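In: any chance you could fold what I've pasted below:
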Amino acid sequence: MKYLNWILAGMMALTLFACSQHAKDQQVNGKAGGVDSAVLIQDQARIEAMLDSFNVAATRAEYERYFNFYAPDAIFMGTDATEYWNKEQFMVWAKPYFDKKQTWNFVSLDRHVFFDSTGKTAWFDELLDTQMKICRGSGVVVKMGDEWKLKQYVLSVTIPNSKVDRIVKIKAAEEDSLIRAMERN
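Out: Here you go, the predicted model:
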């Protein structure tokens with residue numbers, strides 16, 4: 001029985017590795033709805049450069065530059081459950097932080113970019129080194145003319161599995177109130 005568990009674990013690991021390699025290959029290899037892989041590789045590099053510049057603009061408190069990375073109808077979802085804002089609302093919320101040069105410094109540690117079949121919409125996920133330690137950023141970007149713009153951005157704080165129970169206890173009272181309020185709506 002012990003050996004069977006080891007064999008199953010090994011087979012599972014190989015399957016996961018193969019799936020992750022296939023997913024990685026699908027990011028830029030082949031054609032997406034007729035879009036040549038060379039174009040996808042260039043666009044992936046452009047998206048990655050855009051996301052890096054987006055993070056630098058926040059670090060430097062460059063308000064206009066930072067918000068120019070968002071599409072006009074973009075949505076931002078922050079780490080707090082109440083942080084669901086359209087671009088204009090997020091700009092209002094963020095303005096005082098940019099004015100006081102008290103913004104955030106996010107550096108990508110690991111990033112993945114994927115494309116739809118047209119090559120005009122992509123989505124990404126990344127792990128970020130932040131003042132909150134490791135966070136996850138994810139979102140959707142769309143090609144508008146020659147530029148890639150954020151259509152949706154989601155920021156979440158990662159929690160090690162070994163700490164989840166303690167974190168749930170810490171946030172329970174506050175979020176239970178929020179849950180009750182949302183259930184009434």
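
In: tell me the domain ranges of this protein?
Out: With automatic domain parsing as the criterion, the domains of the chain are listed as 1-30, 31-184.

In: state the pLDDT value of the residue nearest in space to the middle of the chain.
Out: Ranked by distance to the mean C-alpha position of the chain (CA atoms, centre = their mean), the top residue is Ser138 at 1.2 Å. Note for Ser138: predicted pLDDT of 98.

In: buried residues of the one helix or strand Ser108 maps to, list them for me.
Out: Ser108 is located in strand 107-115, with elements delineated by DSSP states H and E. By 16 or more other CB atoms under 10 Å, the buried positions in strand 107-115 come out as Arg111, Val113, Phe114, Phe115. Where you see a C-beta, it was placed from the backbone N, CA and C, and this is true even at glycine.

In: what's opposite the third one in the beta bridge?
Out: Judged by DSSP bridges, the bridge partners of Phe114 are Trp123.

In: low-confidence stretches in this structure?
Out: Low-confidence segments of the chain, defined by pLDDT under 70, span residues 1-33.

In: at 50 instead, please
Out: Counting by pLDDT under 50, the ranges of the chain that qualify are 1-26, 29-30.

In: just the strands in the chain please.
Out: Assigned strands in the chain, in chain order: 70-77, 84-86, 107-115, 121-130, 133-144, 147-157 (criterion: DSSP state E).
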